[in-house]
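J.: For reference, the sequence and a predicted model appear below.
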Amino acid sequence: MFQKSIVYQIMFRNFNSEGTIKSAEKLLPFIKELGTDIVYITPIWEADDDENREFWSPRQIKSGLNNPKNPYRIKDYYSIDSEYGTMEDLKNFTDTAHSLGMRVIFDIVYFHCSPKSVMMDMKKEYIVRDENETPMTGRWCFPMLNFDSDALREYLYGNMLYYIKEIGADGFRCDASDSIPPDFWEEAIKRVRKIKPDAFFLHEGESEGYMDKGFDANYGFAWMETMQAVFAGLKTTNDLYEAWKKTFDANPKGTLVTRSLDTHDVATDGIPISQDTEERKSVQEVFGPDGVDAALVMNYTIDGIPFLYNGYEIANTSPHSMYSNRFYGKMCTDWSKLQTKEGQERLELVKNLAKLKHAENALAFGETLWNTQNDGIVSFIRKYNNEEIHVIVNLTGADFEMTLSNSETILLSNKSFTSGNNITISHKGYVVTKNTIWDI
């Protein structure tokens, strides 16, 4: 059902200078033009504003932004944080997306809650506690929810059903879902699909034993992190193939995997650029504009679901942090990039890639056949019936020459030069062809 889907992530805080649901709603037509099928919104639920840093995550403290509100440290699952707007705003946002033919999935954070969560005063059994009945915290310093409690499970099932019934949610991105028992998700998905049979569930994890519980897709962390390391010079293109193969072999047949190069987490922390130091830089800095283009081509043509983090469609390079908003840090997408040559070229590429993903059955349903004989070259074929889509990306640091045989169509190319059937691809260039046999 979702083989041709494209996910677009909105982090309201960083999406624009206002950081509200209403302001983002105005840009939904633009998001639709990108070829988006599913809009994923990060948490907008009421966050804990307690300034006691004992219960702040290490990342939150390290950010230096001094914002007590962490969108993943939630106080009330049934309330919208005033920073973003109101429940009515969320309903209007969802309705507008639906009118444009897009689905909206909400981010649910059930592994932990905030120390000031309304659940603390409901039932003691909702929270994991020690022998002194003191709430126990998990790896992010937040109290953990107790999934041994049937009452807690019912409370969370009800929360999901509320957003499906009352707001029109089309599914959920399930935060840290592989830290929660698989049988919880199996029952949750079953209940939601009684009401909305086509609800989309995205598993934020790669652990085995989850994809057969009803999830539609999982996160391609190995793919994303290896790709980042390749562009940082820390790994090879063969490592990227090995990461793909490991994920492919570990998942049930037909599993959909998100293909991203950035997320709100990555935008906040940056990516490693050295094996000897802890220095990190943004994806945009490490990849460069041509590198981002090449990575997007890979993500939209490899098997799985393209996952686009807000701002990449206009070549945004301004910093983002999940702990920044209009009150702290004031980091947001620089929408003036849309008026630049670089921004327009990126926008055109994203739109063209989406058109290919939607139009070419081989990119949705085809098997993936890799050619790993050339170091520094990412080369694979998507094959479906008599259709073949060939993708080649040059990351060697030098020009790469290849010969096309029986070529029908070059669908996309950049930093490449043709002479008859001979093509020269420059570093970080790419060629995507249809129904072609290569001699390389």
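T.: Arrived safely, thanks for sending.
J.: which stretches of the stretch 251-400 of the chain form strands?
T.: Along the stretch 251-400 of the chain, counting by DSSP state E, counting those that start in this stretch, strands occupy 256-259, 271-272, 280-281, 305-309, 367-370, 377-384, 387-394, 400-405.
J.: Could you identify which of those is most buried?
T.: Mean neighbour count (mean count of other CB atoms under 10 Å) peaks for strand 305-309 among the strands of the stretch 251-400 of the chain, with a mean of 26. C-betas here are computed from N, CA, C, even on glycine.
J.: Quickly run through the sheet partners of it, with directions.
T.: If you go by DSSP bridges, strand 305-309 pairs up with strand 7-10 (parallel), strand 256-259 (parallel).
J.: Please render the ones you listed as CSV that adds mean pLDDT and distance to Thr340 to the earlier fields.
T.: As requested, those are arranged in CSV below (pLDDT from 0 to 100; distance: least, CB to CB, whole Å):
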stretch, mean pLDDT, distance to Thr340
strand 7-10, 99, 21
strand 256-259, 98, 26
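J.: Relative to Phe221, which of those strands is closest?
T.: Put simply, out of those the one that sits nearest Phe221 is strand 256-259, at 8.9 Å, with distance taken as CB to CB.
J.: Contacts for the closest one, please.
T.: In this structure, residues lying in contact with strand 256-259 by CB atoms under 8 Å, 6 or more residues apart in numbering are 2-3, 7, 202, 216-220, 223-224, 247, 251, 298-300, 302-307.
J.: Buried only: go through those residues for me.
T.: The neighbour-count test (16 or more other CB atoms under 10 Å) applied to these identifies 2, 7, 202, 216-220, 223-224, 247, 251, 298-300, 302-307 as buried.
J.: Report all helices and strands that the lengthiest strand in the chain contacts.
T.: Under DSSP state E, the strand in the chain containing the largest number of residues is strand 422-434. Counting by 3 or more CB pairs under 8 Å, 6 or more residues apart in numbering; DSSP states H and E, the packing neighbours recorded for strand 422-434 are helix 283-301, strand 387-394, strand 400-405, strand 409-419.
J.: Give me the sheet partners of it and which way each runs.
T.: In its sheet, and by DSSP bridges, strand 422-434 pairs with strand 387-394 (antiparallel), strand 400-405 (antiparallel), strand 409-419 (antiparallel).
J.: Could I get the buried residue list for it?
T.: Of the residues in strand 422-434, those scored as buried under the neighbour-count criterion (16+ other CB under 10 Å) are Ile423, Ile425, Ser426, His427, Lys428, Gly429, Tyr430, Val431, Val432, Thr433, Lys434.
J.: hmm, back to that, which stretch among the helices and strands packed on strand 422-434 comes nearest Ala267?
T.: The closest of those to Ala267 is helix 283-301. By CB to CB, the value is 7.7 Å.
J.: pLDDT weak spots in the protein?
T.: In the predicted model of the chain, residues 406-408, 436-440 satisfy pLDDT under 70.
J.: Gly288 contacts His427, doesn't it?
T.: No - no contact is recorded between Gly288 and His427 when judged using CB atoms under 8 Å, the distance being 10.1 Å.
J.: Now for Ala47: which residues touch it?
T.: The neighbours of Ala47, taking CB under 8 Å, 6+ apart as the test, are Lys69, Asn70, Pro71, Arg73, Ile74, Lys75, Asp81, Glu83, Ser114.
J.: I'd like to know how far it sits from Pro68.
T.: Using CB to CB, to the nearest Å, Ala47 is found at 8 Å from Pro68.
J.: Could you do Trp335 as well?
T.: 28 Å.
J.: ok, now Arg346?
T.: Remark: distance between Arg346 and Pro68 (CB to CB) = 35 Å.
J.: Having no further points to raise, I will conclude here.
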